[in-house]
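S.K.: Sequence first, predicted model second:
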Amino acid sequence: MKNKSLLAFLPLLVLASACSTVPEQQQKPVAKVVKPKQPAPVKPPIAKKPAPPVVRKDPPGTATYAIDDAKSSFKIEPSVPAMRIDPMAPPVELPSATGSADGTATPAPGSNLITPTPVVSAPVMPAYAVEDVRMPAGTSPAVVALLTEADRNRASGDLDAAVISTERALRIDSRNPALTYKLAQLRIKQNKPQLAEELAGKAALLAGSDLDLKRKSWLLIAEARRMQQNYQGAKEAKAKAESF
């Protein structure tokens, strides 16, 4: 009996000793997987229901009337009384003025008529005669041809063409006083008195011993000054012309 019981406990002892000899295996830590939290779903805003319209209840005993659209015709009575128009009084006749010997009106005795002051106008100086000159003997044929063309244009009223022809002749013979005088005559006809006065003064200087051309040049200067309303200067130029 004792042998049988020992045989029964023998495997148990062997198993216990084997477990004690086996080294304990180290357990490795296991990483935990953390799942991300999902955001909470956003709830859509709940639309508010509009408030029901307030129904006004009129108190008993009141009535509702339609609004007038102001299109109905109505008559406005004038608040201002009508004005009465009286006939105008006849005009009062003023005492007539009597004429005097010099032609001015003289007020009648007892009247308040104011006599106008006579306006004294400036004296008008008569124009001076602008005489023509002849070309001296021995003038170049080209100059004579240009002057002939200038005279023809001046007679037809084309003063600009006459001035061009005379200026071309002066380019050929610039020291000729007769050509300068003729150009001054054309400037007078063109109503350019300032240019005419300058040209006539140059012609008087170039004239030299030709006293007739000097006199005509100073007469042209007097006319140019008169056109510029320089009456005193015109008188002086006229006196200068008479000295030759």
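M.R.: Received, thanks.
S.K.: all strands for the protein, in order.
M.R.: In the chain, the strands defined using DSSP state E lie at 98-99, 105-106.
S.K.: Out of these, which gets the lowest mean score?
M.R.: By mean pLDDT, the lowest-scoring of the strands of the chain turns out to be strand 98-99, with a mean of 50.
S.K.: and the nearest residue to residue 142 once chain neighbours are set aside, how many neighbours does it have?
M.R.: Using Cβ to Cβ, 6 or more residues apart in numbering and skipping residues adjacent in sequence, the residue nearest residue 142 is residue 172, 5.9 Å away. Every residue, glycine included, has its C-beta placed from N, CA and C. Using other Cβ atoms under 10 Å, residue 172 is surrounded by 13 other residues.
S.K.: Residue 172 reaches residue 144, doesn't it?
M.R.: No. The pair residue 172 / residue 144 is not scored as a contact, 10.5 Å apart, by Cβ atoms under 8 Å.
S.K.: got a pLDDT number for the residue nearest to residue 142?
M.R.: Predicted confidence (pLDDT) at residue 172: the value is 93.
S.K.: now do residue 90
M.R.: For residue 90, pLDDT reads 60.
S.K.: before we move on, what about residue 242?
M.R.: Looking at residue 242, its pLDDT is 91.
S.K.: ok, it to residue 140 distance?
M.R.: The gap separating residue 242 from residue 140 is 34 Å, by Cβ to Cβ, to the nearest Å.
S.K.: Quick check on those two: which one has the bigger neighbour count.
M.R.: The neighbour comparison of residue 242 against residue 140 (other Cβ under 10 Å) goes to residue 140, with 13 against 10.
S.K.: How about the contacts made by residue 169?
M.R.: Residue 169 makes contact with 142-143, 146-147, 150, 176, 179, according to Cβ atoms under 8 Å, 6 or more residues apart in numbering.
S.K.: one more time with 6 Å
M.R.: 143, 146-147, 179 (Cβ atoms under 6 Å, 6 or more residues apart in numbering).
S.K.: Format those as a markdown table; extra columns: neighbour count and pLDDT.
M.R.: As requested, the contacts of residue 169 are arranged in a markdown table below (neighbours: other Cβ atoms under 10 Å; pLDDT from 0 to 100):
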| residue | neighbour count | pLDDT |
| --- | --- | --- |
| 143 | 20 | 91 |
| 146 | 22 | 93 |
| 147 | 20 | 92 |
| 179 | 27 | 93 |
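S.K.: Show me those residues that map onto helices.
M.R.: 143, 146-147, 179 (DSSP state H).
S.K.: I'd say residue 244 and residue 217 touch.
M.R.: No. Contact criterion Cβ atoms under 6 Å: residue 244 and residue 217 do not qualify, at 9.5 Å.
S.K.: So between those two, which is more surrounded?
M.R.: Neighbours per residue (other Cβ under 10 Å) separate residue 244 from residue 217, with residue 217 holding more: 29 against 16.
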